[in-house]
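A.B. asks: Just need the structure, nothing else, for what follows:
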Amino acid sequence: MSTRAIFTGAFILFVGNILSSVLGLTREVLNAAYYGANVDMDSYLFANTIPSFILTFIGGVFMAGFIPLFIKKRVEHSAEEASYMFSNSINVILIVVILLTGLCYWFSGPLASFFASDSANQEQIQKLLWILLPSILFFGLSYSQSAVLNSLNHFTIPAFLTVMNNVVVIVFMIVLNRWIGITSIAIGFVVGTVLQVIVQWPMMKRLGVRYKLYLNFKDKDLKKLLVLAIPIIGIGVIDQCLVLATRFFSSNLSPGSASALNYANRIIMLPVTLFGTALVSAIYPSVVRALAEKNIREYNTMVSTSVKSLLLLVTPVMLICMAFAPNIINALLERGAFDQAATHKTAISFMILSLGIMVIPIREFFTRLMFGQENIRTPLIASCIYLSTFIAGCILLVPSLQYIGIAVATSVAMVISFMFTLFTYVRKNKNHKVDISVVYLLKIFISSVLATLIALSIREGALRLLNMEGTNVLITVFCLVTGMVFYFIIVKLLRIQEVEFVFNKLSAKFHWKRSSGTVKANG
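C.D. replies: Next comes the predicted model:
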């Protein structure tokens with residue numbers, strides 16, 4: 001694969017992710033305006049839990065090893081043999097999906113009663129579940145198509161599938177909401193998944209991939225694919241059990257609790273994706289390359305600098321989001337059916353869950369390091385710890401704290417599972433030291449606190465000057481941006497070298513070049 005192709009593919013994926021994040025946020029804003037945080041939105045979330053759970057298995061199969069196996073088959077044998085492998089994998093998965101979907105239809109009543117005790121809510125959940133279940137089949141096909149296209153270095157269509165799906169859902173919501181309400185989202189979602197399959201077939205044919213009516217359960221490639229997928233599926237299933245547990249505990253609370261937690265989680269993932277995940281994606285190839293070359297010194301420096309850079313970037317974002325939680329939720333969501341009560345509930349959830357802005361990217365980085373070392377066991381155990389701690393926390397806290405108990409249990413479980421991952425990495429990699437000094441941590445924390453206080457002071461001053469009360473969208477945005485600007489001014493004055501590293505990595509995100517040197521660890 002040429003440097004130009006890598007650059008183009010990375011750029012396309014980046015643009016697709018940005019558009020998907022923006023449209024995803026737009027979709028959540030419209031959801032809040034039309035349905036607020038109430039029983040209708042809760043019913044949709046509960047109904048969508050089952051398809052999401054099943055899709056974890058399919059995603060695990062194609063995320064784990066399909067691409068290398070498909071490429072190997074195409075290179076070592078022929079495009080025809082690769083098409084047979086693709087067709088066999090698809091046909092087996094289709095059979096499994098059809099059987100699972102049939103069972104879900106058969107047991108849709110009991111599944112709906114799992115999330116609601118009220119008969120009216122059960123009927124609505126069951127109705128939405130019946131609409132959403134076909135999406136499993138089409139998403140399964142779409143996953144397989146995207147895996148094939150990516151393996152053939154075609155990234156454009158897969159990168160924009162989520163964008164298309166969000167557009168379809170938004171259009172259906174705007175056009176049909178007046179007549180069918182929350183059902184418009186479910187129908188739009190299914191139509192979006194059908195379109196995902198349709199738009200990918202022509203490109204697959206153009207690239208020489210043909211679907212064939214071929215089925216062989218004893219095929220060696222199929223067995224290899226399933227073996228490779230087991231650990232990934234295990235982690236994915238545990239993560240979906242976490243979602244299932246969240247929906248279960250919130251189903252017994254006041255209407256809108258599940259929606260408030262969902263809105264808070266969705267908004268938190270925006271800074272996580274834009275700041276944390278972007279930096280992890282930019283850093284990770286350099287780290288893996290150093291490990292592959294067995295350059296321990298460079299590897300240690302890169303890992304330490306990477307963690308320090310992540311802390312440098314996400315710590316102020318986390319603190320500012322916590323401080324401005326009510327203002328952020330108000331600016332994004334409070335309109336239409338999303339009233340002040342929904343804002344209050346979502347803002348509290350958002351403030352507590354904002355801890356994930358710092359923990360999630362760093363945990364993802366160490367999990368990737370584990371995968372790079374072919375250590376699947378530790379991430380799997382960490383996911384089990386996450387789930388068990390979360391359930392125990394909910395059992396203890398939800399009766400007294402209600403939805404706040406779920407948010408607290410999530411954050412505590414997240415931290416505990418992350419600490420396990422970090423300590424296990426340090427214990428198993430004694431030659432790979434993560435060198436971060438207390439002085440550095442204090443510099444970051446103090447700078448973040450000062451920037452947050454400056455942003456809050458500017459907000460209070462602006463409201464007083466303009467003789468305003470409550471929240472103003474423009475003032476909120478201005479204060480958030482100003483807070484981050486002051487933060488980088490402070491860390492620059494403190495001469496924290498990793499500032500340059502962050503900017504260099506993000507600006508060179510799409511260049512497949514090895515830097516001439518690495519940034520030295522700064523104490």
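A.B. asks: Please report the distance of the nearest residue to Asp339 once chain neighbours are set aside from Glu460.
C.D. replies: Spatial nearest neighbour of Asp339, chain neighbours left out: Gly36 (6.4 Å); criterion: CB to CB, 6 or more residues apart in numbering. Where you see a C-beta, it was placed from the backbone N, CA and C, and this is true even at glycine. Noted for Gly36: a distance of 29 Å to Glu460, by CB to CB, to the nearest Å.
A.B. asks: Please say which of those two ends up with more neighbours.
C.D. replies: A direct count of neighbours by other CB atoms under 10 Å for Gly36 and Glu460 places Gly36 higher, at 26 against 11.
A.B. asks: isn't the more buried one right up against Phe338?
C.D. replies: Yes. Gly36 is within contact range of Phe338, at 4.4 Å (criterion: CB atoms under 8 Å).
A.B. asks: What segments of the stretch 351-500 of the chain are strands?
C.D. replies: When assigned using DSSP state E, counting those that start in this stretch, the stretch 351-500 of the chain turns out to have no strands.
A.B. asks: Can you pull the poorly scored residue ranges out of the stretch 1-150 of the chain?
C.D. replies: For the stretch 1-150 of the chain, applying pLDDT under 70 flags the ranges 1-14, 60, 63-65, 67-68.
A.B. asks: if you set the cut-off to 50 instead, what comes out?
C.D. replies: Where the stretch 1-150 of the chain drops to pLDDT under 50, the residues are 1-3, 6-7.
A.B. asks: What of the chain?
C.D. replies: Scanning the chain for pLDDT under 50 picks out 1-3, 6-7, 506, 508-523.
A.B. asks: At the geometric centre of this protein, which residue do we find?
C.D. replies: Taking CA atoms, centre = their mean, the centroid of the chain lies closest to Met269, which sits 6.3 Å from it.
A.B. asks: State the distance from it to Val434.
C.D. replies: 26 Å.
A.B. asks: just Leu99 next, same as before
C.D. replies: Separation of Leu99 from Val434 (CB to CB): 46 Å.
A.B. asks: and if you look at Leu69?
C.D. replies: Leu69 is 34 Å from Val434, by CB to CB.
A.B. asks: ranges for the helices of the stretch 1-150 of the chain?
C.D. replies: Using DSSP state H, counting those that start in this stretch, the helices of the stretch 1-150 of the chain run over 3-35, 39-61, 67-76, 79-106, 108-115, 119-132, 134-151.
A.B. asks: Looking at Leu99 and Val434, which one has more neighbours?
C.D. replies: Shown here are Leu99 and Val434; by other CB under 10 Å, Val434 has more neighbours (16 against 10).
A.B. asks: pretty sure the more buried one is touching Met302, no?
C.D. replies: No. Applying CB under 8 Å, one finds Val434 not in contact with Met302, separated by 10.8 Å.
A.B. asks: could you list every residue that touches Ile182?
C.D. replies: By CB atoms under 8 Å, 6 or more residues apart in numbering, the residues touching Ile182 are 35, 40-41, 43-44, 124, 128.
A.B. asks: Could I get these in TSV, plus columns for neighbour count and distance to Met370?
C.D. replies: What follows is the contacts of Ile182, written out as TSV (neighbours: other CB atoms under 10 Å; distance: CB to CB, whole Å):
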residue	neighbour count	distance to Met370
Tyr35	25	40
Asp40	23	41
Met41	26	36
Ser43	30	38
Tyr44	27	35
Gln124	23	42
Leu128	24	38
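A.B. asks: Could you find the closest non-adjacent residue to Ser250?
C.D. replies: Using CB to CB, 6+ apart, the nearest residue to Ser250 is Ala258, at 4.0 Å.
A.B. asks: so which strand or helix has the one you found?
C.D. replies: Taking DSSP states H and E as the definition, Ala258 sits inside helix 257-271.
A.B. asks: Which elements pack onto that helix?
C.D. replies: If contacts are counted by 3 or more CB pairs under 8 Å, 6 or more residues apart in numbering; DSSP states H and E, helix 257-271 sits against helix 3-35, helix 39-61, helix 220-251, helix 296-323, helix 325-333, helix 340-353, helix 356-372, helix 403-428.
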